[in-house]
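here are the coordinates; sequence isn't available:
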């Protein structure tokens, strides 16, 4: 259990919109001294009177309480308080711009104001931790925000300031509860450990904390919401299908959601090989056929097969970028998933076929197929037993890992690169062996 630090921090929150106000009031309620900054004078007057312009359960009451306690003060400019601050949270809006781009203009204005104040920060003061909570485009922190602070503050990161990204995962209507009990906390930082876990503001939180690079923190916020949108669209597609079949959508949803082993779980959510096998492709096509027979379009599900084919093409291109034809390549794993000898609809077999057609010489090892009937492989590809693995690995330029037989990786030369398709990573034999047991098998 993480224990809260006893010393309260001096914190400023730039931007008192939906995210900023929840952040400011929650930090004040946790015992910190918070300065809320917003340039809109009329809005500040409303907040000073304890009034919100929207409904957020519990927020108006919390706002009044922390102001009455003297924990939250409001003003329209950051200076002259900047010299005494430990942390600044930037929560200004980044609205949608043209062509889906996020508009970082308001955020850059806030950072420019912050940077000008940093120039006057005493030389003996510790670096001010500047924490961006706004949603930003992928790559923006390193390519846009950090250079803006460096130029404006006339200081390198780690001297007068340190920049972190702490994306918010708040939902309107449950924002306070989401802040108090998050599923996890993500901290994007320039170098490992430089944010010191955001000076302890999450020490009392029981949620796991992930300290990652800027781009991971930027991406996970967008990926989360993309997945939420995907789930809504999927549910609506099977709802339309239910109505077309004269079924009750709610009842069909109840049956679907009753499966917590595969449907509502981490199963199938690890990037890796395309899907395949004897069931998934066949049943997806059967579902789409039933929908088309009733004049029903399910564009999300109809795009799944095309996406799966595109992923196979991507893997071939990835291999070509690492080792051009003819290789040679060693493919470890051929059946459609771990623990079976069934090659019907096998993604590794489809990959093998594509590689041979691309001009590669490919040797294949799959211990689970040693007792299987003779397979019809693409011309030029050969299936071997485990006894020949060491010799084949010594001749190969790349090992393509489609399964995780960790006991065989010790037979691979340590200098042989491995394209681990289980994790979509280029690895060494030792790294692949250590990770072999850490991910769920694809069903």
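Arrived safely, thanks for sending. Keep in mind the model is a prediction, meaning the values are calculated, not measured. Numbering: from 1, shown residues only.

may I ask which helix or strand of the protein has the lowest mean pLDDT?
Ranked by mean pLDDT, DSSP states H and E, the weakest helix or strand in the chain is helix 429-435, scoring a mean of 56.

so which bits of stretch 90-107 are buried?
The neighbour-count check on stretch 90-107 (16 or more other CB atoms under 10 Å) flags 90-94, 102, 104, 107 as buried. Bear in mind the C-beta positions are built from the backbone N, C-alpha and C, glycine included.

if you count neighbours, what's buried in stretch 29-43?
29-38, 43.

and what of stretch 246-266?
Residues of stretch 246-266 classed as buried: residue 252 (neighbour count, 16+ other CB under 10 Å).

pLDDT averaged over that stretch, what's the number?
The average of the pLDDT scores along stretch 246-266 is 96.

go on, stretch 180-194?
The pLDDT scores in stretch 180-194 average 95.

start at 40, not 1
OK, 40 is where the count begins now, so the last one is stretch 219-233.

widest-spaced pair of the buried residues of stretch 68-82?
In the buried residues of stretch 68-82, two members sit farther apart than any others by CB to CB. They are 70 and 82, at 25.7 Å.

in helices, which of the buried residues of stretch 68-82 fall?
Assignment to helices by DSSP state H places the following of the buried residues of stretch 68-82 there: 68, 82.

now residue 387: which helix or strand?
Here residue 387 is covered by helix 386-396, with elements defined by DSSP states H and E.

partner strands of the helix or strand that comes right after that helix and their direction?
Downstream of helix 386-396, the first helix or strand assigned by DSSP H and E is strand 401-404. On the basis of DSSP bridges, the sheet neighbours of strand 401-404 come out as strand 368-371 (parallel), strand 421-423 (parallel).

ok so, going back, please state the offset of the helix holding residue 387 from the chain centre?
29 Å (CA atoms, centre = their mean, to the nearest Å).

elements contacting that helix?
helix 338-361, strand 368-371, strand 401-404 (3 or more CB pairs under 8 Å, 6 or more residues apart in numbering; DSSP states H and E).

now, the buried residues of stretch 129-146 that are in helices?
Using DSSP H, those in helices are residue 146.

save the buried residues of stretch 129-146 as JSON lines, and put in distance to residue 195 and pLDDT too.
Below are the buried residues of stretch 129-146 laid out as JSON lines (distance: CB to CB, whole Å; pLDDT from 0 to 100):
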{"residue": "129", "distance to residue 195": "19", "pLDDT": "97"}
{"residue": "130", "distance to residue 195": "25", "pLDDT": "97"}
{"residue": "131", "distance to residue 195": "24", "pLDDT": "95"}
{"residue": "132", "distance to residue 195": "29", "pLDDT": "92"}
{"residue": "133", "distance to residue 195": "25", "pLDDT": "92"}
{"residue": "141", "distance to residue 195": "27", "pLDDT": "91"}
{"residue": "143", "distance to residue 195": "22", "pLDDT": "94"}
{"residue": "146", "distance to residue 195": "21", "pLDDT": "95"}
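
highest mean neighbour count out of the strands paired with strand 401-404?
Most buried of the strands paired with strand 401-404, by mean neighbour count (mean count of other CB atoms under 10 Å): strand 368-371, with a mean of 26.

still on that earlier bit, out of the buried residues of stretch 68-82, list just those in strands.
72-76 (DSSP state E).

surely residue 129 meets residue 175?
No. Using CB atoms under 8 Å, residue 129 is not in contact with residue 175; the gap is 10.1 Å.

mutual contacts of these two, please.
Common contact partners of residue 129 and residue 175 (CB atoms under 8 Å, 6 or more residues apart in numbering): residue 146.

where do the helices of the stretch 190-339 of the chain begin and end?
All helices of the stretch 190-339 of the chain, identified by DSSP state H, counting those that start in this stretch, fall at 214-219, 235-238, 253-283, 288-296, 319-332, 338-361.

could I get those helices as a markdown table with distance to residue 439?
Below are those laid out as a markdown table (distance: least, CB to CB, whole Å):
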| stretch | distance to residue 439 |
| --- | --- |
| helix 214-219 | 42 |
| helix 235-238 | 39 |
| helix 253-283 | 26 |
| helix 288-296 | 35 |
| helix 319-332 | 22 |
| helix 338-361 | 7 |
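
before we move on, the earlier item: can you put the strands paired with strand 401-404 in a markdown table and add mean pLDDT?
Output for those, formatted as a markdown table (pLDDT from 0 to 100):
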| stretch | mean pLDDT |
| --- | --- |
| strand 368-371 | 94 |
| strand 421-423 | 86 |
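
and of those, who's closest to residue 264?
Among the strands paired with strand 401-404, strand 368-371 comes nearest to residue 264, with 36.7 Å by CB to CB.

off-centre distance for that closest one?
30 Å.

then stretch 272-291?
What separates the centre of stretch 272-291 from the centre of its chain is 29 Å, taken as CA atoms, centre = their mean.

what sits against residue 464?
Neighbours of residue 464 in contact, by CB under 8 Å, 6+ apart: residue 458.

who does it bridge with?
For residue 464, the beta-bridge partners under DSSP bridges are residue 459.

how much space separates it from residue 249?
For residue 464, the distance to residue 249 equals 18 Å [CB to CB, to the nearest Å].

try residue 429
Distance of residue 429 to residue 249, given as CB to CB: 39 Å.
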